[in-house]
Structures are given as C-alpha cells and as structure tokens.
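Engineer: Here's a sequence, model it:
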Amino acid sequence: MSGHSKWATIKHKKGALDAKRGALFTKLIKEITVAAKNGGGSLDSNPRLRTVVQKAKDANMPADNIDRAIKKGTGELPGVIYEEITYEGYGPGGIAILVDSLTDNKNRTTAEIRNILEKKGGSMSGAGSVSWQFSKKGFLSVRKDVIEEDKLMSIALDAGAADFTSDKEVYEITTEPQDFERVKKAVSDAGVTPDSAEVTMIPANSVKVAQPEAAKTILALIEALEEHDDVQNVYANFDIPNEILQQLAG
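Structural biologist: This next block holds a predicted model:
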C-alpha cells in the first residue's frame, strides 16, 4: 500500500475513534461557510459545497448546523469572514508538508503554525517551496476482501477514474478532482464502501521513514498541526512501513 493510502486509512480510523466531535464540527462549519461564500449555496451547482456537506453528514452533523453554515456563507445570516491560507514547510527528515487553513486572523494563525513546526522539528518555508511536489487528485482505497479486482477496476475506469492500482492489501483508485464524485458514486452503487475517499493532495514522491523514533516524531508533528483549530487539512510525503505504524498505534 502506498504511503498516501496508509496515511489516509490511519486518519480515517483515527477520526472514527476521535471523541473530539465538537472540534470536527467547527472545522466542517468553517469549510461549509467558505465553500458557500465562494461558490453559492446550491449543492447542485457547487461541487466543493456538495462534497463538504456530505462529509458533515457522514460525521452526523445536525442538518440545522449545516443549513446555518451555508446561510452564513451566502450572507443570509451574519458570520465571520474566513481567509484561506496554505502553509508550506518541512518536517523531520526533510519531509514536505502542506497545511490548509481557514482563519479570521492570518497573523495569529501564521505565528502558531510556525511555532508548531519549529517545536516539533520542522520549519516553515516560502510559497511554492513544496507545493510543486503535490497534485490535487481524487483518491479512494478499497480493501481487497470486499470485491474482485477486475470488477472494481471496470466500475472505476468506466466511471472516469484516471488510474487503478493494486497491492497485497488494497485497491487504490485515483481520479481527476472533477471526476471524483462520479467515481465514488459508481463504487458506492456497486455496494462497496471505501476505506478512504477524498479529494486530496498526493505527493509525486515519498520519503521512506524506516526508524520507529523518526516515525513517532513525524506523526507527532502531523497530529499537532491537525489539532490546530484553524487547520483543515495536512498533507505530507512520508512513507512509514505498516509494521511501524501498527507498533505506534498499539
């Protein structure tokens, strides 16, 4: 399984076990508000809003919360104005990191993200310094015991997937961002629930992390960034072997 797929699966499992639902709702509400502000409040004509509303529903956010967030974005209700900022930096071992944030105070958030990076063995870098190593893609991973490879490959490619790969544990489906929802729906309509399904930033190359202590340090940094209230997503190009991940998870 690729480093990205392993990390996506870990985040999915962690999220399912994470009791900090209030913090998750706060992040989703921000994202819904910004999506509605930028693209309008209609789910039919705003793919970004449609995607994040589905994420909110999957997290069991009440419909009233979703509706209020949309109305704050469209201006029907008063709300805070958020700015979208992507921070770039390096972590221990030279791993590349992208941090997507939504903030109502750029100076505060910038200082706090820089502080987290520096305290955890990383550093902030300039715009464009690491983003060139990542591409925005739709990504789904499906356990191999769920469906036959030929069947899933046919479903995914017929729906517009850009790539389909397989290893000993999972199938991985990659799409262009605009094709993600269509491919995801085709997979779901076949009765298959992916382990991971998201539009994300996938690195062109990964940095192998073979030592448990180094892996522990990197994951501590990523977790600290993800827990920041203004951070929506964190992407990195590390590849930690399964056995080390399981050891640290245990």
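Engineer: how about the longest helix seen in the chain: buried residues?
Structural biologist: If you go by DSSP state H, the chain has its longest helix at helix 21-39. Going by neighbour count (16 or more other Cβ atoms under 10 Å), the buried part of helix 21-39 is 24-25, 27-37, 39. The C-beta positions use only the backbone N, C-alpha and C, and glycine is treated the same way.
Engineer: Could you dump those residues into CSV and include distance to S196 and pLDDT?
Structural biologist: What follows is these, written out as CSV (distance: Cβ to Cβ, whole Å; pLDDT from 0 to 100):
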residue, distance to S196, pLDDT
L24, 16, 84
F25, 21, 89
K27, 18, 92
L28, 17, 94
I29, 23, 94
K30, 22, 95
E31, 18, 95
I32, 21, 96
T33, 25, 96
V34, 23, 95
A35, 21, 95
A36, 26, 96
K37, 28, 95
G39, 25, 95
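Engineer: Check what contacts the longest helix of the chain and list those residues.
Structural biologist: Outside helix 21-39, the residues that touch it by Cβ atoms under 8 Å, 6 or more residues apart in numbering are 15, 18, 45-49, 52-53, 55-56, 59-61, 65-66, 69-75, 79-80, 82, 84, 102, 227, 229, 231-232.
Engineer: before we move on, back to that, please identify the one among the buried residues of helix 21-39 that lies nearest to V146.
Structural biologist: The shortest approach to V146 among the buried residues of helix 21-39 belongs to L24, at 26.1 Å (Cβ to Cβ).
Engineer: Distance of that closest one relative to I81?
Structural biologist: Applying Cβ to Cβ, to the nearest Å, the value for L24 to I81 is 22 Å.
Engineer: go on, K120?
Structural biologist: The gap separating K120 from I81 is 30 Å, by Cβ to Cβ.
Engineer: Tell me which of the two has more neighbours.
Structural biologist: More crowded of K120 and I81, by other Cβ atoms under 10 Å: K120, with 17 against 9.
Engineer: Helix or strand: which one has the residue lying closest to the more buried one once chain neighbours are set aside?
Structural biologist: Once flanking residues are discounted, K120 sits nearest to L221: 3.7 Å by Cβ to Cβ, 6 or more residues apart in numbering. Assessed by DSSP states H and E, L221 sits inside helix 212-227.
Engineer: Now do that helix: which elements does it pack against?
Structural biologist: strand 96-103, helix 106-119, strand 231-236, helix 242-249 (3 or more Cβ pairs under 8 Å, 6 or more residues apart in numbering; DSSP states H and E).
Engineer: Please identify the helix or strand for A197.
Structural biologist: Element membership for A197, per DSSP H and E: strand 196-203.
Engineer: Neighbouring strands - and their directions - for whichever helix or strand comes after that strand?
Structural biologist: Sequence order places strand 207-208 as the next helix or strand after strand 196-203, per DSSP H and E. Partner strands and pairing direction for strand 207-208 (DSSP bridges) are strand 238-239 (parallel).
Engineer: Right, I'll call it a day here.
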